[in-house]
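A.B. asks: Sequence and predicted model, in that order:
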Amino acid sequence: MSGEQSLGNPARRRKTSKPSRKKLRSIRKNVFVAFFIDLVVVLFVALLLSLLIKTFLVRSFFIPSGSMLETLQIDDRILVNQLTPDLYPIERGDVVVFKDPGGWLGPAVAESTDPVVAAADWVLSAFGITAPDSKQHLVKRVIGIGGDRIICCDADGTITINEVPITEPYISSGQAPSSLEFDVTVPAGSLWVMGDNRGNSEDSRYHSDLPSKGFVSNEWVVGRAMVVSWPFENWIWLDNYPDVFKNIPNP
């Protein structure tokens, strides 16, 4: 008897153990819903982290001009460490991104943009995916920090910082350190900046007639450019050439 009970009716057992089509559809639906919810959560967390990183740590900018050739090419995208200068001091040789201190870029020119494109750009920029305000910022190399006396040029045609001449390997090929003479002392909390493409860079040298006197206050600095992130073939870690400035005494 017990053997008959354990075997049961095979046809009946198959019928009761097989899920109905309705149940299978319900299972598939639940799996899909769970997958969709997980995907939304993952995307939301990723975008939230991107927003936090962009707001407090790293921003992306593109290069709109050739003032930093050959170090930075036009339309290169760079990643900028926003912890500089708040947590990490700016050093000579750093490539920095900064807001217009006033009058460097001239009057802003309004550009007609499709409203849909503008809205999408605004959303993407919030997460650091695009950088529509790149043209309202400048990127240059720091040559002098607060207290430095910078002179161009000595008898050999080189720039001196605190009476020490420097050799600048980052200058664009065929360019002189400067065709414009100057003798400046950088105020405390400010920078003297110059483009690597010295013959095509309206940098600190050309803004002495403005209220800023050509200096860039640290408060205008967005951060230090760390790396060229795109296009991939231009990828490079941006060096601040410590050997160029290692012998310069602090002011």
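C.D. replies: Nice, I can see it. Note that the structure is a prediction, hence the values are computed from the model and not measured.

A.B. asks: how close does the residue nearest to E163 when sequence neighbours are not counted get to P187?
C.D. replies: Counting by CB to CB, 6 or more residues apart in numbering, the nearest residue to E163 once its immediate chain neighbours are dropped is R149, at 7.6 Å. In short, each C-beta sits where N, CA and C put it, glycine included. R149 sits 12 Å away from P187, taking CB to CB, to the nearest Å as the criterion.

A.B. asks: overlap in contacts of these two?
C.D. replies: Taking CB atoms under 8 Å, 6 or more residues apart in numbering as the criterion, R149 and P187 do not both touch any residue.

A.B. asks: P251 is in contact with the residue nearest to E163, correct?
C.D. replies: Yes: in this structure R149 lies within contact range of P251 using CB atoms under 8 Å: 7.1 Å.

A.B. asks: any shared contact partners between the two?
C.D. replies: Applying CB under 8 Å, 6+ apart, one finds that R149 and P251 are jointly contacted by N162.

A.B. asks: tell me the phi and psi of N200?
C.D. replies: Phi and psi for N200, reported as degrees, to the nearest 10, are phi -140, psi 50.

A.B. asks: tell me the contacts of it?
C.D. replies: With CB under 8 Å, 6+ apart as the criterion, the residues that contact N200 are G66, S67, L69.

A.B. asks: Out of those residues, the closest to R198 would be?
C.D. replies: Minimum separation from R198 among those (CB to CB) is found for S67, which lies at 9.2 Å.

A.B. asks: Near the closest one, how many other residues are there?
C.D. replies: S67 has 22 neighbours, counted by other CB atoms under 10 Å.

A.B. asks: what about it, which helix or strand?
C.D. replies: Following DSSP states H and E, there is no helix or strand that holds S67.

A.B. asks: returning to what we had before: how about the residue nearest to E163, phi and psi?
C.D. replies: Note on R149: backbone dihedrals following degrees, to the nearest 10 are phi -100, psi 120.

A.B. asks: Ok, S204 next?
C.D. replies: Main-chain dihedrals, S204, degrees, to the nearest 10: phi -50, psi -30.

A.B. asks: Not counting sequence-adjacent ones, nearest residue to it?
C.D. replies: Distances taken as CB to CB, 6+ apart put G214 closest to S204, at 4.0 Å, once the chain neighbours are dropped.

A.B. asks: Next: P177.
C.D. replies: Taking CB to CB, 6+ apart, and ignoring the residues beside it in sequence, P177 has I159 as its nearest neighbour in space, at 4.9 Å.

A.B. asks: Strands along the stretch 151-251 of the chain, start to end?
C.D. replies: With DSSP state E, counting those that start in this stretch, the ranges of strands along the stretch 151-251 of the chain come out as 160-161, 164-165, 182-185, 190-194, 216-217, 221-230, 236-237.

A.B. asks: okay if I get those as TSV plus mean pLDDT?
C.D. replies: Conversion of the strands of the stretch 151-251 of the chain to TSV gives the following (pLDDT from 0 to 100):
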stretch	mean pLDDT
strand 160-161	98
strand 164-165	98
strand 182-185	98
strand 190-194	98
strand 216-217	98
strand 221-230	94
strand 236-237	94
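
A.B. asks: wait, which of these is closest to I143?
C.D. replies: strand 190-194 (5.1 Å).

A.B. asks: Pairing partners for that closest one, with directions?
C.D. replies: Each strand that strand 190-194 pairs with, and the sense of that pairing, follows from DSSP bridges: strand 137-145 (antiparallel), strand 216-217 (antiparallel).

A.B. asks: Tell me which of the ones you listed sits most buried.
C.D. replies: Relative to the other members of the strands paired with strand 190-194, strand 137-145 carries the highest mean neighbour count by mean count of other CB atoms under 10 Å, namely a mean of 25.
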